[in-house]
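Asks: structure for the following, please:
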Amino acid sequence: MANELSGLRKIRVRLYQILEQGPVGDRTSWLVGRLLVFLIVINLAAMTLETVPSLEARYEALFNIVEISSLIIFTVEYLLRLWVAAENAARSHLSPARVRLRFAFGFDGLIDLLAVLPFWVALFLSVDLRFLLVLRAIRFLKLVRHSTAMRSLLDAISTERRALLGSLVILAGTTMIAASTMYLVERHAQPDRFGTIPDAMWWAIVTLGTVGYGDAVPITVPGKLVAGVTILFGLMMVALPVGIIATAFANEIRRRDFVVTWSMVARFPLFAELNAAEISDIMRLLKAQTFDPGDVIIRRGEEGHSMYFIAAGEVEIDLAKERVRLAAGQFFGEVAILKQSKRSATVTAATRTNLLILDAHDLHALMERDARIAELVKAAARERGGGEI
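Replies: Have a look, this model is predicted:
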């Protein structure tokens with residue numbers, strides 16, 4: 001019985017890695033993620049094309065196949081995600097049932113549920129198909145899970161929600177003032193357009209939004225003056241939330257990059273004895289780059305311009321007499337820089353690999369500044385001998 005449970009746990013852990021976030025280089029996790037993104041895009045395309053009568057009549061069977069197969073796949077995906085949610089390390093202090101409840105009522109869980117539940121309900125109840133068509137657009141939000149940029153944008157909006165709410169309050173107040181003023185100066189000239197403040201509010205909203213449909217236009221001189229001032233305020237109203245979101249998004253990207261790079265640098269034994277300020281200085285010198293399996297990182301005979309730190313994944317070094325594999329936490333490429341010679345081996349990515357790259361000039365500057373790092377780098381070069389890269 002214990003072995004059965006252990007086997008079931010292994011399956012659940014593996015499914016969690018595949019569906020949520022597998023290790024770098026996990027081809028299965030990468031493939032499943034890409035297939036789900038492709039299926040979401042196909043759904044959105046089918047939903048759009050299905051509204052064209054001629055295409056619906058001609059490809060109705062194909063649209064039905066896409067919808068039914070997508071519904072089944074998304075349902076299985078939701079149930080599996082609900083099951084494997086118990087493997088979330090960040091919530092290991094909670095019981096599996098509570099972890100699953102938090103997933104079910106979280107943003108991702110609710111989006112996954114709304115993407116499938118209404119369509120299963122429609123099989124048993126009479127539902128307006130146009131309503132279901134709109135709900136299919138919710139599947140677009142499933143892309144948030146697979147897009148770091150979209151998730152960063154949502155995090156930025158959440159971080160600045162108070163500032164954005166303040167912008168909304170200012171916009172509402174400006175709309176009311178502009179509408180009231182336009183009502184006073186235009187109500188007799190155009191009672192059908194500006195006869196009431198609610199009528200004038202439509203004009204104010206459109207003008208402040210810099211849309212300008214042209215269905216309501218002032219014709220009196222005072223009205224045109226009010227419109228001109230409102231347009232100027234409209235430019236500020238648009239710029240305010242855009243600036244807030246843009247700044248927050250940029251800060252969020254920098255924060256994510258900082259956290260990721262910091263965690264990578266801090267794991268290297270070469271930098272283990274450095275303090276926070278020293279690690280932060282080194283981070284400014286490093287450039288991150290990802291290589292897919294089979295990509296050539298260094299070619300034999302090239303000039304040595306950089307050394308490389310393996311943050312995740314593995315690389316294979318093709319020496320003259322043997323092949324050597326290096327894994328996360330190790331580095332290579334320093335010998336050619338120290339000896340100012342050409343590369344003596346070819347290095348390729350054995351798995352999907354994240355590297356941190358340090359230019360030769362920055363390496364020499366770092367070694368001159370920190371004797372500990374200089375000694376460790378030279379010791380590694382001596383240990384590897386002249387046949388290394």
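Asks: so where is the chain shaky, pLDDT-wise?
Replies: 1-6, 21-25, 126-134, 257-261, 263-264, 272, 384-389 (pLDDT under 70).
Asks: how would you label the residue lying farthest from the centre of the chain: helix, strand or coil?
Replies: The C-alpha centroid of the chain is most remote from His188, which lies 53.4 Å away (Cα atoms, centre = their mean). Following DSSP: H, G, I helix; E, B strand; the rest coil, His188 is assigned to coil.
Asks: for it, what are its contacts?
Replies: Counting by Cβ atoms under 8 Å, 6 or more residues apart in numbering, His188 makes contact with nothing. For every residue, glycine as well, the C-beta is placed using N, CA and C.
Asks: how far away is it from Thr207?
Replies: 20 Å (Cβ to Cβ, to the nearest Å).
Asks: could you do Phe140 as well?
Replies: 31 Å.
Asks: other SSEs contacting the longest helix along the chain?
Replies: Longest helix in the chain by number of residues, with DSSP state H as the criterion: helix 221-267. The elements that helix 221-267 packs onto, with contact taken as 3 or more Cβ pairs under 8 Å, 6 or more residues apart in numbering; DSSP states H and E, are helix 148-159, helix 161-186, helix 197-208, helix 276-283, strand 287-291, strand 306-312, strand 353-359.
Asks: may I see the buried residues of the third one?
Replies: The reference is to helix 197-208. Residues of helix 197-208 classed as buried: 197, 199-208 (neighbour count, 16 or more other Cβ atoms under 10 Å).
Asks: now that helix against helix 161-186, angle please.
Replies: Here helix 197-208 points in a direction 120 degrees away from that of helix 161-186 (axes from the mean of the first three to the mean of the last three Cα atoms, to 10 degrees).
Asks: how close does the most centrally placed residue in the chain sit to Val238?
Replies: Centrality entry for the chain: nearest residue to the mean C-alpha point is Thr148, 1.0 Å, by Cα atoms, centre = their mean. Distance, Thr148 to Val238, by Cβ to Cβ: 27 Å.
Asks: just Arg254 next, same as before
Replies: In terms of Cβ to Cβ, Arg254 sits 25 Å off from Val238.
Asks: so how far is stretch 59-74 from its chain's centroid?
Replies: 28 Å (Cα atoms, centre = their mean, to the nearest Å).
Asks: whoops, I mixed them up, stretch 98-116
Replies: Worked out by Cα atoms, centre = their mean, stretch 98-116 lies 19 Å from the chain centre.
Asks: just stretch 112-128 next, same as before
Replies: For stretch 112-128, the distance to the chain centre is 29 Å (Cα atoms, centre = their mean).
Asks: swap in stretch 368-383?
Replies: Worked out by Cα atoms, centre = their mean, stretch 368-383 lies 38 Å from the chain centre.
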